[in-house]
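Asks: missing the sequence, but the structure's below:
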């Protein structure tokens, strides 16, 4: 599958996403949703996304736009532009759809997708997850998956930054 096919088949705007969701629901598929910046894909991301995908039949990823990432992470991010991040996620065989969102949180997108399962990673509390109230209202489930230790985009970014410094400037 080439770049154009990946972007056409798996990266969806809201109209196409609506049609895809309607088909999956008609087929009785269990829809899992997660979101993030996914700036530099690493083993932690793959572990997390594969475990999220295993919770249902369809994995939809809400991907922060470049503007959203800058607001959340600072002017030095994202490292990879949104179309490149979307393409990498779309290339993962167990990812069914990627949809960009420009807000600081995916609340509006979660309301549109209405997933059966909302997945977040790390040390979130279920009641503090953005969109948890939406899922509670219609009987969906929020699941927190632990991160794979030793991997984070921020730590990779820091390691790369330090590798570029002269030895006497490294801390």
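Replies: Yes, it's here. No experiment lies behind these values; they were computed from the predicted model shown. Numbering: from 1, shown residues only.
Asks: drop to CA atoms for contacts and neighbour counts, all remaining ones
Replies: Fine.
Asks: how many other residues sit next to residue 161?
Replies: Counted with other Cα atoms under 10 Å, the neighbours of residue 161 add up to 11.
Asks: residue 77 now?
Replies: For residue 77, using other Cα under 10 Å, the count is 19.
Asks: wait, doesn't it sit right on residue 68?
Replies: No: assessed by Cα atoms under 8 Å, residue 77 is found out of contact with residue 68, at 9.8 Å.
Asks: now do the helices in the chain.
Replies: 3-10, 14-26, 43-53, 66-73, 82-90, 107-113, 132-138, 153-163 (DSSP state H).
Asks: out of these, flag the one nearest residue 59.
Replies: Residue 59 lies closest to helix 43-53 among the helices of the chain, at 5.3 Å (Cα to Cα).
Asks: report the buried residues of the closest one.
Replies: Buried positions in helix 43-53, judged by neighbour count with 16 or more other Cα atoms under 10 Å: 44-45, 48-50, 52-53.
Asks: state the pLDDT value of the spatially most central residue of the chain.
Replies: With distances taken as Cα atoms, centre = their mean, residue 35 lies nearest the centre of the chain, 3.1 Å away. Reading off the confidence values, residue 35 has pLDDT 96.
Asks: for it, give me its contacts.
Replies: The neighbours of residue 35, taking Cα atoms under 8 Å, 6 or more residues apart in numbering as the test, are 61-64, 106, 120.
Asks: top of the residues you listed by neighbour count?
Replies: Sorting the contacts of residue 35 by how many neighbours each has (other Cα under 10 Å) puts residue 64 first, at 27 neighbours.
Asks: quick one: that one and residue 163, what's the gap?
Replies: Separation of residue 64 from residue 163 (Cα to Cα, to the nearest Å): 28 Å.
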